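Coordinates for the following, if possible.
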Amino acid sequence: MGKYRKLSEVEESYLRNHPEEVDDYVSILFDEYAKDGNTAALLSSLRIVGRVKGMSRLAEASGITRKGIQKVLSEDGNPKFESVNAIMQAMGYRLAIMKSPQKNHSN
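Modelled structure (predicted):
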């Protein structure tokens, strides 16, 4: 029987071979998170992006150790907002507010 790769390994390989699609991937991650609130899935997927972009480079740019980034972006992570923001900025993104398309928002 052949060796099967994990989905995360397939995603990482795909993104490494298609770096032009990383921005759309990150956008989709946050859209999905806005719908389902699955923090573990978001952090796991961001860890994939981190590996594609280079954990050492992210560590240097964010001021968080490689091990710290991996811990923050683990499925069991409970990161502080500041940590996620620093990592996102190191990846070349910024967190921004967008009004939800749902109806009945109070002003």
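
C-alpha from now on. contacts and neighbour counts both.
Noted.

And for Ala61, nearest residue in space, chain neighbours not counted?
Of all residues not flanking Ala61 in the chain, Ala90 sits nearest, at 5.2 Å (C-alpha to C-alpha, 6 or more residues apart in numbering).

do the same with Ala41
In space, Ala41 is closest to Glu75, 6.9 Å off (C-alpha to C-alpha, 6+ apart).

Contact partners for the one you found?
39-41, 43-44 (C-alpha atoms under 8 Å, 6 or more residues apart in numbering).

Show me the residues you listed that map onto strands.
Under the assignment DSSP state E, these contribute nothing to strands.

one step back: my guess is the residue nearest to Ala61 contacts Ser62. True?
Yes. Ala90 sits in contact with Ser62 when judged by C-alpha atoms under 8 Å, with a separation of 5.4 Å.

one step back: can you add neighbour count and give the contacts of Glu75 back as JSON lines?
Output for the contacts of Glu75, formatted as JSON lines (neighbours: other C-alpha atoms under 10 Å):
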{"residue": "Thr39", "neighbour count": "17"}
{"residue": "Ala40", "neighbour count": "16"}
{"residue": "Ala41", "neighbour count": "17"}
{"residue": "Leu43", "neighbour count": "24"}
{"residue": "Ser44", "neighbour count": "19"}
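
Would you check that Leu95 makes contact with Asn85?
Yes. The criterion here is C-alpha under 8 Å, and Leu95 meets it with Asn85 at 6.8 Å.

need the contact list for Leu43.
Leu43 neighbours (C-alpha under 8 Å, 6+ apart): 72-75, 77.

any idea how far it lies from Val26?
Going from Leu43 to Val26 by C-alpha to C-alpha, to the nearest Å gives 11 Å.

Just give the closest residue to the residue positioned nearest the centre of the chain, not the sequence neighbours.
Nearest to the geometric centre of the chain sits Leu46, at 1.9 Å (C-alpha atoms, centre = their mean). Using C-alpha to C-alpha, 6+ apart and skipping the chain neighbours, the partner closest in space to Leu46 is Leu73 (6.6 Å).
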